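Q: okay, structure incoming, though there's no sequence with it:
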């Protein structure tokens with residue numbers, strides 16, 4: 001009975017490794033496969049037991065992990081054309097999609113690196129481009145007209161459709 005419910009880390013790690021190697025986007029040599037299998041086995045065993053070699057005596061070390069930024073906060077905001085990610089040090093016009101690939105929300109990102117609540121997620125020049133485009137196509141004009149003291153002019157009646165009556 002215990003054999004049916006038991007967890008076999010070797011088999012599971014082997015299946016994961018086979019699936020990983022079956023992906024055509026992963027390029028690896030035959031020499032790297034045993035090392036990858038060992039790493040996969042160690043990770044699966046660690047996840048199954050709920051402990052980590054890095055945890056040591058404390059079990060909550062993973063919850064409050066310190067993250068070191070790839071660049072300084074000042075350098076990340078130095079350019080008008082992009083924001084440099086504190087995760088990997090690469091420039092992005094907008095950080096939202098990049099953060100979602102790392103499983104973060106903007107609030108999590110700000111909390112992780114102790115950033116202020118007004119830390120931007122979009123580069124200033126990109127934000128200005130989007131703002132100009134929105135103004136050009138008239139987004140928000142209806143709201144501005146409703147808030148003004150002057151009542152908007154009535155819309156003209158549309159032309160009649162159909163046949164013209166004979167007199």
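A: In hand now; what should we look at? Quick caveat: nothing in here was measured; it's all calculated off a predicted structure.
Q: C-terminal to the longest helix along the chain, what's the next element?
A: If you go by DSSP state H, the chain has its longest helix at helix 32-49. Going down the chain from helix 32-49, the next helix or strand is helix 73-76, by DSSP states H and E.
Q: which residue ranges make up the domains of this structure?
A: If you go by automatic domain parsing, the domain ranges for the chain are 7-49, 65-141.
Q: ok, of these, where does mean pLDDT dip lowest?
A: Sorting these by mean pLDDT places domain 7-49 lowest, at a mean of 83.
Q: ok, back up a step: got the domains of the chain as a markdown table, with mean neighbour count and distance to residue 160 columns?
A: Placement of C-beta: from N, CA and C, glycine included. As requested, the domains of the chain are exported to a markdown table (neighbours: other Cβ atoms under 10 Å; distance: least, Cβ to Cβ, whole Å):
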| stretch | mean neighbour count | distance to residue 160 |
| --- | --- | --- |
| domain 7-49 | 12 | 61 |
| domain 65-141 | 13 | 27 |
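Q: now those in JSON lines, with distance to residue 154?
A: Conversion of these to JSON lines gives the following (distance: least, Cβ to Cβ, whole Å):
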{"stretch": "domain 7-49", "distance to residue 154": "60"}
{"stretch": "domain 65-141", "distance to residue 154": "17"}
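Q: one step back: tell me which strands and helices the longest helix of the chain is in contact with?
A: Contact here means 3 or more Cβ pairs under 8 Å, 6 or more residues apart in numbering; DSSP states H and E; on that basis helix 32-49 packs against helix 9-22.
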